[in-house]
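*Asks:* Coordinates for the following, if possible.
(one chain, ligands or ions: 2)
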Amino acid sequence: MQKTFKNEKILFAEPLFQCDGLAGFTRSELYENAIHRTLRINQLKKEHNWTQEDFDIAIRCLNYEVGFVIHLSMFIPAIERLATDDQKAKWLPLAESYRILGTYAQTELGHGTNLMALETTATFDPRTDEFVLRTPQLSSMKWWPGSLGKTATHAIVLAQLIIGNKNYGMNPFMVQLRSLEDHMPLPGIIVGDIGAKLGANSNDNGFLILNDVRIPRENMLARNSKVTKDGRYIQTSTNKANYATMVLVRLSIIRWAEDTIKNGSLIAIRYSAVRRQSSLQAGGPEMQVLDYQTQQYKIFPSLAASYALFFTYEAMMKEYEIAYAQIMRGNNQLLGQIHGQLSGLKAFASDLVTYELEMCRRSCGGHGYLKASVVGETLLHTLPLVTVEGDNTVMYLQCARYLLKQIAKALAGQDVDEPTSYLKKDILSYTCPVQKGEHCTNPNYLLKIYTQRAHSAIASVARQLQFDLESGKDQSSAFNNNLVSLVQAAKAHCQLCLMKNFVESVSALERTCSENLASVLRQLCLYFGLHGIVTASGEFLESEAIGLQQLEWIKAEELKSLAAIRPNAVALVDAFDLHDQTVMSALGRYDGNAYQHLFEAAKREPMNQTQVPPAYYKYLRDLIKGQPLAKL
Ligand SMILES: CCCCCCCCCCCCCCCCC/C=C/C(=O)SCCNC(=O)CCNC(=O)[C@H](O)C(C)(C)COP(=O)(O)OP(=O)(O)OC[C@H]1O[C@@H](n2cnc3c(N)ncnc32)[C@H](O)[C@@H]1OP(=O)(O)O
Ligand SMILES: Cc1cc2nc3c(=O)[nH]c(=O)nc-3n(C[C@H](O)[C@H](O)[C@H](O)COP(=O)(O)OP(=O)(O)OC[C@H]3O[C@@H](n4cnc5c(N)ncnc54)[C@H](O)[C@@H]3O)c2cc1C
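*Replies:* Ligands and ions are numbered 1, 2, ... in the order given. Coordinates of the predicted model:
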C-alpha cells in the first residue's frame with residue numbers, strides 16, 4: 001500500500017519518535033515535541049540524503065503528529081501558487097529554510113465558509129504605496145489558522161482588497177506577525193492560541209487581530225491579480241485561482257483519511273484476531289471475535305475503505321497534477337473539474353473514515369475506550385477533517401454545483417468532463433445488469449448499478465430545481481429547497497468515483513500481480529461494492545438501478561463476502577506495512593500480545609508511579625479511619 005519507508009528503522013530508533021510516551025503530555029509539551037520532531041526529521045533528511053517524499057512519508061509514519069503542518073502543507077504551497085516569480089524568489093527560500101514560519105490565515109471568528117463575507121480589509125494607501133490591514137470588529141479577527149497562536153512569524157492573510165471606495169474581493173497578502181529577532185508580535189498585531197481542542201493539541205491554532213498594520217504593496221501575492229503604484233487593480237487570472245491552495249489540501253486530506261482508516265482497520269482486525277470471547281457451542285472453546293459475522297460486518301468496511309481510498313488518492317493525485325500543470329501555465333480549463341471532484345471526495349473520504357473509525361473503536365469492546373488502544377485518539381485527531389478545508393456539507397454542495405453544470409451540458413449535447421461522462425448516457429436507456437444472483441459477484445456489474453444510481457440522483461435534483469424555478473421560486477429559494485438532494489447527488493457521484501477507481505485499479509493490477517493476490521483484491525473490491533449498495537439501498541432502489549430481488553441477492557452475496565475475506569483479513573492489514581510505532585496501539589501490535597502491551601501501558605500511567613495517591617492523605621485516610629473530616 002504505502003511505499004515501505006526504507007528509513008523506518010532510522011526514524012524509530014530515536015526516542016523522540018517513539019510514541020508511547022505522548023500520553024500525559026501537557027499541551028505545551030505536545031507543542032514542543034511536535035516542533036522538535038519536524039526539525040529532527042529535517043536533520044535526518046540532510047544526514048541521510050532523504051528525498052522530499054521520504055520526508056513526507058516520515059511525517060505520515062508519525063500520523064502527522066509533527067509541527068509546522070500548515071507551514072508545510074499550506075503556507076509554502078500558497079506561495080508557490082499565488083506569488084509571482086519575483087515574490088517566490090524572495091519568500092520561498094526563507095520559508096523552505098524555516099527562516100520564516102508561516103500560516104494560512106483565511107478563516108475568521110465570524111466567517112469560515114463564506115469567503116465573500118470575510119471582514120478583514122487591506123486598504124491601498126497610494127501616498128505611502130502600502131496596504132493597511134485591519135480586522136475592523138470582533139468577528140473579523142482571524143481565528144483557527146494553524147501555527148498562528150505561538151509559532152508563525154508570517155501569515156498569508158486573505159483580506160478584502162479596498163482601493164478608494166471599491167472592494168475588489170478576497171486577495172492574499174504576506175504579513176509579518178512577529179519580530180525575527182525576539183519573536184514578539186509587531187506593532188498592531190495581537191495574536192495568541194485559541195485554546196484546547198478535542199484533539200490535535202500539539203497544534204497552536206490561533207487568533208489574530210490586525211490594527212492598521214502597514215505592509216508594502218509588493219506584499220500582495222500577485223500571481224493572479226495585482227495593484228499598480230497608481231492604484232489600478234489588474235486581474236491576470238480568474239479570482240478562483242486564489243482558491244488553489246485549498247484544492248491541494250483537499251487532495252492531501254483524502255490521503256490523510258486513507259492513512260487514518262488503515263490504522264483503525266489494522267488495530268480492529270489484529271485485535272479481533274487475538275481476542276477470544278464466548279463460544280457458539282455450549283462448553284466449546286472461546287471463539288476469535290473475528291469469526292463472529294457481526295464483528296466482520298462492523299470492521300471489514302474499514303478494511304475495504306482503506307484500499308478504496310488508496311486507489312482513489314492515487315487516481316486523484318494524477319488528475320490534480322494534470323490540472324495544476326495547466327493552471328500554472330494559465331490554462332484554467334480543468335479548474336472547475338478539479339475543484340468539483342476534490343470538494344466532493346474530500347467530504348466523502350472524511351465522512352467515511354470518521355464513521356468507520358468509530359466502528360473500529362466499538363469493535364474493540366472496553367479496551368477500545370482506553371487511550372492505549374489509540375483508535376479513539378485517532379478518531380479525535382481525524383474529526384477535524386470533516387470541517388477543515390471546507391465544511392463537508394458545503395463541499396458536497398460545491399461538488400453538486402459542478403455536477404449540475406455537467407448534466408446541463410450533457411443534456412444540451414455538449415462535451416462533459418471525463419469524471420462525469422456517464423451523464424451523456426440517455427437516463428432511460430439503463431437496464432439492470434444484475435439479472436441473476438451470480439451477476440452480483442462481478443464488480444463490473446455493480447459499477448453499472450453505481451453509475452445508474454448517481455446519474456439518477458443528479459438528474460432527479462436537476463429536474464426538481466427546474467420545476468421549482470418554473471413554478472416561480474427564485475434561484476436561492478429553489479436551491480435551498482433542494483440542498484439535501486444536492487448533497488445526496490454529490491455523495492452518489494463520489495461513491496461511484498471510489499467504486500470506479502477500485503474496479504479499474506484492481507483490473508490494472510491483475511495484469512501484473514499473482515492470481516492469488518488478484519483474487520483477494522477482487523474479493524475486497526466486490527465486498528466494497530456490495531456493502532455500499534446495502535448501506536444506501538433506499539437510494540439504489542429509488543434510482544431503479546436495482547429492484548427488491550436484486551437487493552436480496554446483493555445482501556446475501558455481501559454476507560458471503562464477509563466469510564470469503566475472513567481468511568485474508570489479517571494479511572490485508574499486514575500489507576499496509578505499518579510500523580508498530582506508527583500504529584502506536586497496544587491492541588494492534590504486530591506480535592499480537594495485546595494484553596501484555598495494555599498492561600505495559602497501564603504501568604506507564606503517571607498515576608501508577610506512586611502506590612498511595614496524594615488524595616489519600618488529603619481525604620481518604622480520615623474517611624477510612626472514621627475521623628471527622630475538616631471543613632473542605
Ligand atoms: C511535500 C512536503 C509536505 C510535508 C507534509 C506536511 C504535513 C502533511 C500534509 C497534511 C495535509 C493536510 C493538512 C490539513 C490541514 C488543514 C488545516 C485547515 C486549513 C483550513 O481550513 S484553510 C481554510 C479553508 N476554508 C475553506 O475551505 C472555505 C470554504 N469556502 C469556500 O471555499 C467558498 O466560500 C465556497 C466555495 C463555499 C463559495 O465560494 P464563493 O463564495 O466564491 O462562491 P461560489 O460558490 O459562487 O463560487 C464562485 C466560483 O468559484 C468556484 N470555486 C469556489 N471554490 C473554488 C476552489 N477552491 N477552486 C476553484 N474554483 C472554486 C466555484 O466553482 C464558482 O465557479 P463558477 O464557475 O462560478 O461556478
Ligand atoms: C482543526 C482546525 C484547523 C483549522 N485550520 C485552519 C487554518 O489553518 N486556516 C484557516 O483559514 N482556517 C482553518 N480552520 C477553519 C476551517 O477552515 C473552518 O472551520 C471551515 O472552513 C468551516 O467554516 P466555519 O467554521 O465557519 O463553519 P460554518 O460555515 O459556520 O458551518 C456551520 C454550519 O453551517 C453550515 N453551512 C455553512 N454554510 C452553508 C451553506 N452555504 N449551505 C449549507 N450549509 C451551510 C455548515 O454545513 C455547518 O453545519 C481550521 C479549523 C479546524 C477545526
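
*Asks:* any idea of the mean pLDDT for the longest helix along the chain?
*Replies:* For the chain, the helix with the greatest residue count under DSSP state H is helix 293-328. For helix 293-328, mean pLDDT is 96.

*Asks:* Which strands or helices does it pack on?
*Replies:* helix 244-274, helix 335-362, helix 483-510, helix 515-535, helix 548-565, helix 569-574 (3 or more CB pairs under 8 Å, 6 or more residues apart in numbering; DSSP states H and E). Just so you know, the C-beta spots here come from the backbone N, C-alpha and C atoms, and that holds for glycine as well.

*Asks:* and the fifth one with helix 244-274, angle?
*Replies:* What it means is helix 548-565. 70 degrees (axes from the mean of the first three to the mean of the last three CA atoms, to 10 degrees).

*Asks:* which parts of the protein sit against ligand 2?
*Replies:* 70, 104-107, 111-113, 144-146, 200, 205, 384, 387-388, 390-391, 393-394, 397, 483 (CB under 6 Å from any ligand atom).

*Asks:* let's go with 5 Å and repeat that
*Replies:* 70, 104, 106-107, 112-113, 144-146, 384, 387-388, 391, 393 (CB under 5 Å from any ligand atom).

*Asks:* before we move on, back to that, want to throw the helices and strands packed on helix 293-328 into TSV with mean pLDDT and mean neighbour count?
*Replies:* Output for the helices and strands packed on helix 293-328, formatted as TSV (pLDDT from 0 to 100; neighbours: other CB atoms under 10 Å):
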stretch	mean pLDDT	mean neighbour count
helix 244-274	96	25
helix 335-362	98	24
helix 483-510	98	21
helix 515-535	97	20
helix 548-565	97	17
helix 569-574	98	19
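
*Asks:* will you turn those into CSV that also has distance to Leu465?
*Replies:* Compiled in CSV, those are given as follows (distance: least, CB to CB, whole Å):
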stretch, distance to Leu465
helix 244-274, 25
helix 335-362, 17
helix 483-510, 8
helix 515-535, 26
helix 548-565, 29
helix 569-574, 43
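
*Asks:* Report the mean per-residue pLDDT for whichever strand or helix holds Glu53.
*Replies:* In the assignment (DSSP states H and E), Glu53 maps to helix 52-61. For helix 52-61, the per-residue pLDDT values average out at 93.

*Asks:* And the helices and strands packed on helix 293-328: which comes nearest Ile449?
*Replies:* helix 515-535 (6.5 Å; CB to CB).

*Asks:* C-terminal to the closest one, what's the next element?
*Replies:* Proceeding N to C from helix 515-535, the next assigned helix or strand is helix 537-542, under DSSP H and E.

*Asks:* send the alpha carbons of that following helix over as CSV?
*Replies:* What follows is helix 537-542, C-alpha atoms only, in CSV (Å, rounded to 0.1, in the frame of the first residue of the first chain):
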residue,chain,number,x,y,z
SER,A,537,-30.2,0.5,-0.5
GLY,A,538,-33.1,3.1,-0.4
GLU,A,539,-31.3,5.3,-2.9
PHE,A,540,-30.3,2.4,-5.2
LEU,A,541,-33.9,1.2,-5.2
GLU,A,542,-35.2,4.7,-5.8
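
*Asks:* what does it contact?
*Replies:* Contact partners of helix 537-542, identified using CB atoms under 8 Å, 6 or more residues apart in numbering, comprise 449, 453, 456-457, 488, 492, 533, 546-548, 551.

*Asks:* So which bits of that helix are buried?
*Replies:* Residues of helix 537-542 classed as buried: 537, 539-541 (neighbour count, 16 or more other CB atoms under 10 Å).

*Asks:* List just the nearest of the residues you listed to Leu161.
*Replies:* Distances from Leu161 to the buried residues of helix 537-542, taken by CB to CB, are shortest for Glu539, at 43.8 Å.

*Asks:* sorry, back to before: and which of the contacts of helix 537-542 is nearest ligand 2?
*Replies:* Gln488 (13.7 Å; CB to the nearest ligand atom).

*Asks:* Show me how the record splits this structure into domains.
*Replies:* If you go by automatic domain parsing, the domain ranges for the chain are 8-67, 99-236, 245-572.

*Asks:* okay, now Ala89: neighbour count?
*Replies:* Here the number of neighbours of Ala89 (other CB atoms under 10 Å) works out to 10.

*Asks:* what about it, which SS state?
*Replies:* helix (DSSP: H, G, I helix; E, B strand; the rest coil).

*Asks:* Give me the distance between it and Ile100.
*Replies:* In this view, Ala89 and Ile100 are 14 Å apart by CB to CB, to the nearest Å.

*Asks:* next one: Glu80
*Replies:* 15 Å.

*Asks:* Let me know the secondary structure of Gly330.
*Replies:* coil.

*Asks:* Name the nearest residue to it, ignoring sequence neighbours.
*Replies:* Ser237 (6.6 Å; CB to CB, 6 or more residues apart in numbering).

*Asks:* which phi and psi does that neighbour have?
*Replies:* phi -150, psi 170 (degrees, to the nearest 10).

*Asks:* Who are the contact partners of it?
*Replies:* By CB under 8 Å, 6+ apart, the neighbours of Ser237 are 223-225, 330, 332.

*Asks:* Which residue ranges of the stretch 1-150 of the chain form helices?
*Replies:* For the stretch 1-150 of the chain, helices defined by DSSP state H, counting those that start in this stretch occupy the ranges 8-12, 27-47, 52-61, 69-70, 76-82, 85-96.

*Asks:* What is the shortest one packed up against?
*Replies:* Read it as helix 69-70. Helix 69-70 packs on strand 102-105, going by 3+ CB pairs under 8 Å, 6+ apart.

*Asks:* any idea how far ligand 2 is from Val247?
*Replies:* 14 Å (CB to the nearest ligand atom, to the nearest Å).

*Asks:* Would you pull up how far stretch 532-545 lies from the middle of the chain?
*Replies:* How far stretch 532-545 lies from its chain's middle: 26 Å, per CA atoms, centre = their mean, to the nearest Å.

*Asks:* any idea how far the residue of the stretch 101-250 of the chain found nearest ligand 2 is from Thr387?
*Replies:* Of all residues in the stretch 101-250 of the chain, Gly112 sits closest to ligand 2, at 2.4 Å by CB to the nearest ligand atom. Separation of Gly112 from Thr387 (CB to CB): 8 Å.

*Asks:* Check Arg27 too.
*Replies:* 20 Å.

*Asks:* Tell me the spacing between the residue nearest to Ser265 when sequence neighbours are not counted and Pro433.
*Replies:* Spatial nearest neighbour of Ser265, chain neighbours left out: Ser302 (3.8 Å); criterion: CB to CB, 6+ apart. Separation of Ser302 from Pro433 (CB to CB): 28 Å.

*Asks:* which residues touch the residue of the stretch 451-600 of the chain found nearest ligand 2?
*Replies:* Residue nearest to ligand 2 within the stretch 451-600 of the chain: Leu483 (6.0 Å; CB to the nearest ligand atom). Taking CB under 8 Å, 6+ apart as the contact definition, Leu483 lies against Leu397.

*Asks:* could I get the domains of the chain as TSV with distance to Ala630?
*Replies:* Below are the domains of the chain laid out as TSV (distance: least, CB to CB, whole Å):
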stretch	distance to Ala630
domain 8-67	31
domain 99-236	33
domain 245-572	35
